[in-house]
Structure formats: C-alpha cells, structure tokens
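>>> with the input below, show me the fold.
(one chain, ligands or ions: 1)
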Amino acid sequence: MDVRVPEIPESYQGYRSRLQAFIAANLPELSFKPKVGLRVPDEPEDVVKLRAWVRALHEAGYVPARYSESEIDEIEEKIRVEELTKTGVPHALGNGLVAGALKHFGTEAQKAKYLTGLATGEHIWTQLFSEPDAGSDLTSLQARAERDGDFFVVTGQKVWSTWAQFSDYGYLLARTEPGTGRQGISAFILDMNSPGVTTRPLREITGTTDFNEVFMDAVRIPVENLIGEVGQGWAVATASLSEERGQVGQSEASDPVVDLMRLAQRSLRPGGRASADAGIRQKMGALAARSRIHRYLSYRTQTKALQGQSELTDAPLTKIWFSETNLDLCELGMEIQGAAGGLAEGDSRVVDEGRWQDGFLYARAWTIAGGSNEIMRNMIAERGLGLPREPRG
Ligand SMILES: Cc1cc2nc3c(=O)[nH]c(=O)nc-3n(C[C@H](O)[C@H](O)[C@H](O)COP(=O)(O)OP(=O)(O)OC[C@H]3O[C@@H](n4cnc5c(N)ncnc54)[C@H](O)[C@@H]3O)c2cc1C
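Next comes the predicted model:
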C-alpha cells in the first residue's frame, strides 16, 4: 500500500491566511493558560468566552469534520486543526463523542436537536461511562436505569467525567437489565441540570480540574432520550470509542522533538550544555526516530481509512505508539532541566512557563484515556494476531 503523506498544495494558502486573520481578530483572552491534553478551564467566565469563540468559528464556516453535515475538504480540515491547535485555546468544548453515536443510532429529532448545539458550543457534553468499579471492563458498570412510564429512573455513580462541571448534557451508559456483561446496557442523553444530578469536581496532580465525579439519585430521563434501542448501548458505545482512540495524539501543532532539542541547547549543567551530553543525545536520537515513526503510522492509518481498508488494530497501534513516545519525551524534558525540573509553574525561574512539567504530569493520561495501553495490547494480540483470549475473571 502507498502511504499518502498529506501535502498542502499552494492553492490552500488563501484558506490558511483567511483562518489566521480570523484567529487574530477573534481569539478570546482567557485567564486559563494553554495546556497540553484535554484540559478544562477553572473559571466559568472563560467557559462563556470559549462558547462565544466556538460559535464564531462555526458561523465563519470553520466546523470540525465530526460535526459537519456536508462533505469536508480534508486538506482544509488539516489546516484548521493545525492553526487552531497552535493557539493553545480549546476550539471544541467538552466531549464530542456523542456525535458519532447520534449520527449512527440517533433519531431524526435527536440529531436535529443536539448535533448543531455540539458544533456551535451552545451545548457542552460530558461522557458518563466509567464508574469506580468499571473502567477497562466497562461491561461491569452498575448504574441502573429502570423504566417508569415515559421515563427511565437512573441511580448510580460515574467518575473521570471530563468537563462535567460545565456540561449541559451527558452521554450516559446505564444498565436496563440487572447483571453484568454487554447485554442490558443502554445509552441515554442526560440533561445535566435534571434534579438528582450532583457533580463533584476532582483536583488533579497537574493543578487543573479536568475530571469529576457525577452522582445520579433517582434522576428521571424521558424515554425519547434513549440513544438506539433498549439494550443496544454496547454497540452505541463501541462505535464512538473506536473514534476516540483514532483521535488520540493526532493534533500535534509543532514537532516536540525540535522543542526538546531547543531546550537541551539552552540548558546548562556541570560540564556544558545538555545538548552536548552523550547520554541525552542518544535518547534524543531515539525519540526523533520514534516520533517520525508515529507520524508515518498516523499517515498510514489515515490512508487506510480513506481507502476503506481500516483494520481494528490500526487505532490501538497508533495510540500505544504515540502515548509511550510522548511519555518518554516528557521524561527527557524533565531530565534535561536537571534540578530545575523540580520548579513548578508560577515560579519565576521555571523554564518555558512550566510547559515540560505540565506535559510530564499529564503524559500518563494518554496511556489510559480511550482504553488503557494494556487493554489495547490485548486487543491487538487477540483480534489482530489471533492469539488465545486472556482468561477473564
Ligand atoms: C484523560 C482522560 C480522560 C477521561 N475522560 C473520561 C470521560 O470523560 N468519561 C469517562 O467515562 N471516562 C473517562 N476516562 C476514564 C477512562 O476511560 C478509564 O480511566 C479507563 O477506561 C481505565 O479504567 P480505570 O481507570 O478504572 O482503570 P482499571 O480498569 O481499574 O485499570 C487499572 C490498571 O489495570 C490494567 N488492566 C485492567 N484490566 C486489564 C486486563 N484485562 N489486562 C491487562 N491489564 C489490565 C489497566 O491497563 C490499568 O493499568 C478518562 C481517562 C483519562 C485518562
């Protein structure tokens, strides 16, 4: 297979210049500093500004492919993601996974009501899948949804719900049949302002509050908020989760190895600059190779998708490669700084405003988000290589 390296033709320069001008004129000023990963601002005022920013992007026609009703030019999409990622300001709010679920399983009324709100930033969504005792093995989730006339009554707890503190809606999985296993799980749209929903933010080691616990106490969800059929929740969730894995690590705006090299050139240590240290140079060379492989692995995955030849193992392979390379890269960023690596964001002597510290503390998250790397390896072994299934407890 010929892997397509997406080059940007000269004729797209106009599109890029118009977008850059739009960004210069409209980018909001936030109290929230740009961060790596899926991060959530602390201040509600920032969220108000971000909603206006996403609405302005939408009105100007800069709509993510995921939310677009019409065919999207893939080169424009690439430029859009590149330029918006460079700003460090979020350009999509909350968790948009529900879009895939609605497109494939939603009713016409649901699509009409929710898809535009997702795209314009009017509705922020959170994903309510994980529970304290159901993460990798999501089939053991225990939140209950019992039918009561025209409603389902939901009781249970969710955790790691990103953006939930600012969300209008939740993409919820709950059990409509008691027991465990895939059967009996259903997918719902939960209005986060419903009586009985309590959201408790969690403060993380990175200093931001990205996750929440969400408690549901006899929350009434109208039957029209069911996505798909009763008991079809596993199929709905699987469709959207595979989309999530494919997206992890695809939005790099700059080459992190180049940034690392610049850091090593600036960092002084006993005996000279870090860039002259043989051990550091070896590690940097290895990371440059791994980073290049990640880029080509992504191109390969994209080419296969465009040719309709995707395989189940494509997204897990790319996700594992990206997240583990990123982890080692961030660790090297700390090592290069030596003792200064211990300085925290906010300290006047911290390098690059603490970017490497933040990246280091956050890097582990990519090895877990969208299914942990161990689970991805199991998937590759069993479904890709045809090895025997691991014993399930
Ligand atoms: C950045 C980020 C954002 C997230 N956002 C959301 C969100 O918005 N909504 C949501 O519902 N969830 C979210 N999650 C939660 C995420 O889906 C879970 O963390 C993930 O599914 C793992 O579950 P767990 O944390 O309970 O770990 P566990 O499942 O308890 O796993 C613990 C460890 O055991 C390993 N392990 C488990 N089973 C096996 C096995 N069979 N074989 C080998 N090793 C195994 C795992 O790999 C892991 O290392 C988010 C997570 C992250 C990191």
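>>> give me the buried positions along the host helix or strand of residue 78.
Per DSSP states H and E, residue 78 falls inside helix 74-87. Neighbour-count burial for helix 74-87 flags 75-77, 79-85 (criterion: 16 or more other Cβ atoms under 10 Å). (Each C-beta comes from the backbone N, C-alpha and C, glycine too.)
>>> of these, just say which sits nearest to residue 11.
residue 75 (9.2 Å; Cβ to Cβ).
>>> correct me, but that closest one touches residue 11?
No - with contacts counted by Cβ atoms under 8 Å, residue 75 stays clear of residue 11, the gap being 9.2 Å.
>>> this structure: strands as residue ranges?
125-128, 144-148, 151-159, 169-175, 185-191, 197-202, 211-222, 226-227, 268-269, 272-273 (DSSP state E).
>>> rank the ones you listed by pLDDT, which is bottom?
Lowest mean pLDDT of these: strand 268-269, a mean of 86.
>>> how far is that strand from where the chain is centred?
Centroid separation for strand 268-269 versus its chain: 36 Å, with Cα atoms, centre = their mean, to the nearest Å.
>>> start at 26 instead
Taking 26 as the first residue, the last one we looked at is strand 293-294.
>>> which residues touch the residue lying farthest from the centre of the chain?
The outermost residue of the chain relative to its centre, with distances by Cα atoms, centre = their mean, is residue 296 at 41.3 Å. Counting by Cβ atoms under 8 Å, 6 or more residues apart in numbering, residue 296 makes contact with residue 302.
>>> that one and residue 307, how far apart?
16 Å (Cβ to Cβ, to the nearest Å).
>>> residue 215 contacts residue 153, doesn't it?
Yes - the pair residue 215 and residue 153 qualifies as a contact (Cβ under 8 Å) at a distance of 6.6 Å.
>>> so between the two, which is more surrounded?
Using other Cβ atoms under 10 Å, the more surrounded residue of residue 215 and residue 153 is residue 153, with 32 against 25.
>>> quick check: the closest residue to residue 294 other than its chain neighbours vs residue 374, distance?
Among residues not flanking residue 294 along the chain, residue 363 sits closest, at 5.2 Å (Cβ to Cβ, 6 or more residues apart in numbering). Distance, residue 363 to residue 374, using Cβ to Cβ: 13 Å.
>>> which one of these two is surrounded by more residues?
Taking other Cβ under 10 Å, residue 363 and residue 374 do not tie; residue 363 has more neighbours (13 against 6).
>>> tell me how many other residues surround residue 381.
26.
>>> now the one 5 residues further on
When counting by other Cβ under 10 Å, one arrives at 21 neighbours for residue 386.
>>> I figured it hits residue 231, correct?
Yes - between residue 386 and residue 231 there is a contact under Cβ under 8 Å: 4.6 Å.
>>> export stretch 191-207 to PDB, keeping only CA atoms.
Listed next in PDB are the C-alpha coordinates belonging to stretch 191-207 (Å, rounded to 0.1, in the frame of the first residue of the first chain):
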ATOM      1  CA  PHE A 191     -19.600  22.800  32.800                       C
ATOM      2  CA  SER A 192     -21.700  20.400  30.800                       C
ATOM      3  CA  ASP A 193     -25.300  20.800  29.700                       C
ATOM      4  CA  TYR A 194     -25.700  17.100  28.600                       C
ATOM      5  CA  GLY A 195     -24.200  13.800  29.500                       C
ATOM      6  CA  TYR A 196     -23.700  10.800  27.100                       C
ATOM      7  CA  LEU A 197     -24.700   8.100  29.700                       C
ATOM      8  CA  LEU A 198     -24.400   4.300  29.800                       C
ATOM      9  CA  ALA A 199     -26.600   2.600  32.300                       C
ATOM     10  CA  ARG A 200     -27.900  -0.900  32.900                       C
ATOM     11  CA  THR A 201     -31.600  -1.500  31.900                       C
ATOM     12  CA  GLU A 202     -31.200  -5.200  32.800                       C
ATOM     13  CA  PRO A 203     -29.500  -6.300  36.100                       C
ATOM     14  CA  GLY A 204     -26.300  -8.300  36.000                       C
ATOM     15  CA  THR A 205     -23.100  -7.800  34.200                       C
ATOM     16  CA  GLY A 206     -21.900  -8.200  30.600                       C
ATOM     17  CA  ARG A 207     -22.700  -6.300  27.400                       C
END
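>>> centre of the chain to it, how far?
That offset, for stretch 191-207, works out to 20 Å (Cα atoms, centre = their mean).
>>> list the residues that contact the closest residue to the ligand within the chain.
With Cβ to the nearest ligand atom as the measure, residue 160 is the residue of the chain nearest to the ligand, at 1.9 Å. Residues in contact with residue 160 (Cβ under 8 Å, 6+ apart) are 185, 397.
>>> pLDDT score for residue 88?
We have a pLDDT of 88 for residue 88.
>>> could you count how many residues lie near it?
That count, for residue 88 with other Cβ under 10 Å as the rule, works out to 19.
>>> how about it: what's its closest non-neighbour residue?
residue 144 (5.7 Å).
>>> next, count neighbours for the one you found.
Per other Cβ under 10 Å, the neighbour tally for residue 144 reads 22.
>>> wait, it sits on residue 90?
No - using Cβ under 8 Å, residue 144 is not in contact with residue 90; the gap is 10.8 Å.
>>> residues of the stretch 76-225 of the chain that sit close to the ligand?
Contacts of the stretch 76-225 of the chain with the ligand, taken as Cβ under 6 Å from any ligand atom, map to 120, 151-155, 160-161, 185-187.
>>> quick check, nearest of those to residue 59?
The closest of these, once distances to residue 59 are taken by Cβ to Cβ, is residue 187, at 17.3 Å.
>>> show me the domain layout of this structure.
35-118, 150-257, 273-409 (automatic domain parsing).
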